[in-house]
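Enquirer: Provided below for reference: sequence and predicted model.
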Amino acid sequence: MPHPKTALRKRLFAALSALYAREVPLYDKLLETVRDVNGRIAARDPARLPPGRSVDEISAERHGAIRLGKPEEIRDMARFFACLDMMPVNFYNLADAGAKSQPVISTAFRPLRDADHRVFCSLLMTDAFAPAMRRRVDDALRERRIFSPALLQLIEISENENGLTGGNADAFVAEATALFAWRGTARYHGLYRALVDARFNIAADIACFPNPHLNHLTPNSLDIDELYTEMTRRLQGPYAHLPHRGMKDSIEGPPRRAAPILLRQTAYNALDEAVVFAENNGSRIRATHRARFGEIEQRGAAMTPGGRRLYDKALAEAEATGDLEGAFARIPDSFDALRREGLAYFRYSTSSQAAKTRIPADSLAGALTAGTVVIHPIRYEDFLPVSAAGIFASNLGQYGTRRESTETVTYTKERLESYLETNITEAYELYAAEETASFREIIEGDDHTVFP
Ligand code: OOG
Ligand code: NI
């Protein structure tokens, strides 16, 4: 039996997915295409599935994204996600992500082990605005309460009882679904216009809405290029009658490779959705807002700090030269080479019953060549700041924002941790621990450092 928190997480993400499919017609079709393409790939090449996962499980994985407006919201959000055994991992400073920077700092909530679902969670930094605008945004957010009293009570029960079951679990799913739903209502139309005119669409999407609507809920794909091609084909054929604005024309992250690394992402573009602004003077203003889009992702190998430095360098070079493939040519394109050079994390295992005895560390190279020890890349479960900034930018139709405030502020992980009132885990530590544990199973003695 899974832990009640794990069961609740799986249940909530299935419910959110069903909600999204009802609200966004194309989403249902995207999920259908994801399942078809993942099934086709796994049938052709079963090694593409992460060990122990089925096509159904992989196709049911989601990552969502939400945006918050003030510190106490992210504090309670951390408590909320803890009910699902999802913890804050990694700090992403999107205010410092190159040309497409946005005035937010972020983390992602996910299980520390066997990650299946994740939520990328951003907090608006209103100190990026000039004082007058900052005051208006802070005023709009001050009275906002995104958590209902009932949900706060359920969170407390979960904290006291280490999880929710029965009627409490049912109520949590209903409350949590309402927390992230698109409600079609907004406030402060004047502020909304002012923020959009000042090119702070991100702040408008947060401060003028009553709750943090999910702005995407991304399914996991075993091959993003094959999925992209199939989705594009279906949008011209069987799905042509559905309202859509086509697919984004590029894929964020590394180029296609024989040995996939990190994370590749793209999306179909956001639709205009009807929204009614209920103004303080009693008037109602009908408008549209571009909020929700359909992202897709493919996850590759997690990289070590050294591998990540190479990735960041290649990305910067690609941005300067426009030649993505050329810039990435320097990162070895086989898992074997990535392992030998200490650039990615791997799980080690023995390939047959005969090899169940542990081997001396100095015969590892021979065992790998002979195939008695096999490696499997550890999947990257996190996000990439430059890609995330690109996703914000294309979704908001706005490529980067500049600071208006004259004070210089540097955003740190410690600052976000103080808002969260809990520590942010470094993903590297999780990957390294997983690698070391697998290594320990097959190697004799006490020296379990894979890379000196
Ligand atoms: C979050 C964008 C980041 C990703 O996949 O990198 C993200 C947002 O648009 O709020 O979800
Ligand atoms: Ni995303």
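Expert: Noted; the coordinates are in hand. Numbers count the residues shown, from 1 in each chain. Ligands and ions are numbered 1, 2, ... in the order given.
Enquirer: When you work out contacts or count neighbours from here on, use the C-alpha atoms and nothing else.
Expert: Will do.
Enquirer: Just give me the neighbour total for the residue in the stretch 101-250 of the chain positioned nearest to ligand 1.
Expert: Nearest residue of the stretch 101-250 of the chain to ligand 1 (Cα to the nearest ligand atom) works out as residue 120 at 5.4 Å. A count of nearby residues for residue 120, using other Cα atoms under 10 Å, gives 22.
Enquirer: same thing with residue 208?
Expert: Counted with other Cα under 10 Å, residue 208 comes out at 22.
Enquirer: Give the buried residues for stretch 63-83.
Expert: Neighbour counts over stretch 63-83 (16 or more other Cα atoms under 10 Å) mark 63-71, 73-83 as buried.
Enquirer: Please see if it touches ligand 1.
Expert: Yes - Stretch 63-83 comes into contact with ligand 1 when judged by Cα under 6 Å from any ligand atom, the residues involved being 65-67.
Enquirer: which one of these is nearest residue 112?
Expert: residue 65 (18.1 Å; Cα to Cα).
Enquirer: Please report how far the closest residue to the closest one other than its chain neighbours lies from residue 67.
Expert: Excluding the flanking residues, the one nearest residue 65 by Cα to Cα, 6 or more residues apart in numbering is residue 120, at 4.6 Å. Using Cα to Cα, to the nearest Å, one gets 8 Å for the distance from residue 120 to residue 67.
Enquirer: try residue 294
Expert: Counting by Cα to Cα, the separation of residue 294 from residue 67 is 16 Å.
Enquirer: Ok, residue 295 next?
Expert: Applying Cα to Cα, one obtains 16 Å for the distance of residue 295 from residue 67.
Enquirer: now residue 418
Expert: When Cα to Cα is applied, the distance between residue 418 and residue 67 equals 18 Å.
Enquirer: ok, and the closest non-adjacent residue to the closest residue to ligand 1 within the chain?
Expert: Closest to ligand 1 within the chain is residue 388: 3.4 Å, counting by Cα to the nearest ligand atom. Excluding the flanking residues, the one nearest residue 388 by Cα to Cα, 6+ apart is residue 94, at 7.8 Å.
Enquirer: Contact partners for that neighbour?
Expert: When the contact criterion is Cα atoms under 8 Å, 6 or more residues apart in numbering, the partners of residue 94 are 101-106, 385-386, 388-389.
Enquirer: 7 Å instead?
Expert: Shown here is residue 94, whose contacts under the criterion Cα atoms under 7 Å, 6 or more residues apart in numbering are 101-105, 385, 389.
Enquirer: quick one: the residue nearest to residue 65 and residue 66 touch, right?
Expert: Yes - with contact defined as Cα atoms under 7 Å, residue 120 counts as touching residue 66 (6.4 Å).
Enquirer: Looking at the helix or strand encompassing residue 440 now, give me its mean pLDDT.
Expert: Secondary structure assigned from DSSP states H and E places residue 440 in helix 427-442. Averaged across helix 427-442, the pLDDT comes to 94.
Enquirer: for the stretch 101-250 of the chain, what spans make up the helices?
Expert: Along the stretch 101-250 of the chain, the segments classed as helices by DSSP state H, counting those that start in this stretch run 131-142, 149-161, 166-180, 189-197, 201-207, 224-236.
Enquirer: do the stretch 301-450 of the chain as well
Expert: Remark: helices assigned in the stretch 301-450 of the chain by DSSP H, counting those that start in this stretch are 305-321, 324-328, 335-340, 364-370, 385-396, 413-420, 427-442.
Enquirer: Can you tell me which residues in this protein are near ligand 1?
Expert: Taking Cα under 6 Å from any ligand atom as the criterion, the neighbours of ligand 1 within the chain are 65-67, 120, 383, 387-388, 391-392.
Enquirer: now those in JSON lines, with pLDDT?
Expert: Putting those into JSON lines (pLDDT from 0 to 100) gives the following:
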{"residue": "65", "pLDDT": "96"}
{"residue": "66", "pLDDT": "97"}
{"residue": "67", "pLDDT": "97"}
{"residue": "120", "pLDDT": "98"}
{"residue": "383", "pLDDT": "97"}
{"residue": "387", "pLDDT": "86"}
{"residue": "388", "pLDDT": "86"}
{"residue": "391", "pLDDT": "79"}
{"residue": "392", "pLDDT": "78"}
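Enquirer: Pick out whichever of those sits closest to residue 140.
Expert: Minimum separation from residue 140 among the residues of the chain next to ligand 1 (Cα to Cα) is found for residue 67, which lies at 15.1 Å.
Enquirer: what's the burial count for the spatially closest residue to residue 14 that is not a sequence neighbour?
Expert: Nearest in space to residue 14, with sequence neighbours left out and distances taken as Cα to Cα, 6+ apart, is residue 60 at 7.7 Å. The criterion is other Cα under 10 Å. On that basis, residue 60 has 21 neighbouring residues.
Enquirer: what's the spacing between residue 60 and residue 294?
Expert: Residue 60 is 15 Å from residue 294, by Cα to Cα.
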